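**Q** What shape does this take:
(one chain, ligands or ions: 2)
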Amino acid sequence: MQLDDEKQRVLAGTKGFMPDDEGEALFVAAQQVCRSEVDGPIVEIGSYCGRSTIWLGAAAQSEGRVVVTVDHHRGSEETQAGWEHHDPEVVDPRISKMDTLPFLRRTLFDAGLEDTVIAVVGKSPAVASVWGQEIAMLFIDGGHAAEHAAADYRSWAPHLAKGGVLAIHDVFAHPADGGQAPHDEIYQPALRSGDFAEFSATGSLRLLRRL
Ligand code: SAH
Ligand code: MG
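**A** Ligands and ions are numbered 1, 2, ... in the order given. Next up is the predicted model:
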């Protein structure tokens with residue numbers, strides 16, 4: 001395990017959807033790219049309560065880089081009330097809508113990551129449209145509706161530096177194992193483009209390098 005005791009403790013109490021083995025693979029890739037000559041921040045699409053952000057943030061922090069984590073914090077289609085992954089604790093009762101931003105802030109404070117992680121609140125393509133810097137590592141774990149996954153790939157992948165890492169979560173080859181959008185709208189198009197080579201797979205996490 002690569003996280004210190006404090007971050008490990010915070011991780012154990014953080015809601016989210018990233019298993020430990022995938023988080024560790026994410027950490028190792030982030031640390032490698034931060035130690036390489038590839039410049040730029042790490043960008044995460046889909047912060048939720050900051051579970052995966054702890055691993056990315058830990059790697060960035062020790063190498064003096066930053067993580068920008070992007071989320072509108074209103075939840076994906078598959079986490080709304082009535083759906084399998086819904087958590088009523090993350091609903092703002094005043095407006096009966098999800099609001100995971102307070103949970104993310106708590107995670108970042110508790111994990112000692114407030115100086116390393118910049119939280120951006122907004123829709124992913126809107127944030128991408130004002131983005132103006134090369135990215136060392138792009139982790140896409142946002143909405144899993146086909147249109148959102150496709151938009152995340154289309155709007156963010158062009159910002160990835162040569163030699164940078166594209167990490168994609170929830171990639172399932174078989175529909176019986178999970179939703180197909182990350183596989184069909186991000187993973188396959190990236191491989192087909194000829195711009196990426198896969199170098200690692202852990203669970204549903206795929207790691208590709210920008211050629
Ligand atoms: N990476 C997190 C899980 C992310 S869940 C973890 O490991 O715990 C997916 C998140 O994507 C949700 O919080 C949802 O609000 C966000 N999301 C979905 N579609 C989005 C969009 N178009 N723009 C910004 N955020 C989006
Ligand atoms: Mg995910």
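**Q** how many neighbours does P125 have?
**A** Counted with other C-beta atoms under 10 Å, residues neighbouring P125 total 16. Any C-beta I mention is one placed from the backbone N, CA and C, and that applies to glycine too.
**Q** and this protein, which of its residues are near ligand 2?
**A** Contact residues (C-beta under 5 Å from the ion) of the chain with ligand 2: 17, 141, 169-170.
**Q** After the longest helix along the chain, which helix or strand is next?
**A** Criterion DSSP state H: the longest helix present in the chain is helix 20-35. Once the chain leaves helix 20-35, the next helix or strand it forms, by DSSP states H and E, is strand 42-45.
**Q** Now do the buried residues in stretch 79-97.
**A** Within stretch 79-97, the residues scored as buried using 16 or more other C-beta atoms under 10 Å are 79, 90-91.
**Q** Which of those residues sits closest to ligand 2?
**A** Among the buried residues of stretch 79-97, T79 lies closest to ligand 2 (C-beta to the ion), at 10.4 Å.
**Q** got a list of what that closest one touches?
**A** Residues in contact with T79 (C-beta atoms under 8 Å, 6 or more residues apart in numbering) are 85-87, 98.
**Q** how about a cut-off of 7 Å?
**A** Counting by C-beta atoms under 7 Å, 6 or more residues apart in numbering, T79 makes contact with 85-86, 98.
**Q** Pull out the buried positions in the longest strand seen in the chain.
**A** Of all segments of type strand in the chain, defined using DSSP state E, the longest is strand 160-168. Buried residues in strand 160-168, counted by 16+ other C-beta under 10 Å: 160-161, 164-168.
**Q** for these, which one is nearest ligand 2?
**A** I168 (9.3 Å).
**Q** What pLDDT is listed against E78?
**A** Model confidence at E78, given as pLDDT, is 85.
**Q** secondary structure class for it?
**A** Recorded secondary structure, E78: helix (DSSP: H, G, I helix; E, B strand; the rest coil).
**Q** Correct me if wrong: it contacts H85.
**A** Yes. At 5.6 Å, E78 counts as touching H85 under the criterion of C-beta atoms under 7 Å.
**Q** any low-confidence regions in the chain?
**A** 1 (pLDDT under 70).
**Q** what does it put close to ligand 1?
**A** Residues of the chain that fall close to ligand 1, judged by C-beta under 6 Å from any ligand atom: 16-18, 46, 48, 51-52, 70-76, 100, 123-124, 141-143, 148.
**Q** Now for E6, how many residues are close by?
**A** 11.
**Q** Please identify the helix or strand for it.
**A** E6 is part of helix 5-12 when elements are defined by DSSP H and E.
**Q** Residues touching that helix, excluding its own?
**A** Contact with helix 5-12 is made by 1, 3, 51, 54, 58, 107, 110-112, as judged by C-beta under 7 Å, 6+ apart.
**Q** Any buried residues in it, and which?
**A** Neighbour counts over helix 5-12 (16+ other C-beta under 10 Å) mark 7, 10-11 as buried.
**Q** out of those residues, who's nearest ligand 2?
**A** Nearest to ligand 2 among those, counting by C-beta to the ion, is L11 at 15.3 Å.
**Q** Please look at T107 and C49 and confirm they touch.
**A** Yes. Here T107 reaches C49: they are 5.9 Å apart, a contact under C-beta under 7 Å.
**Q** Cool, thanks, talk later.
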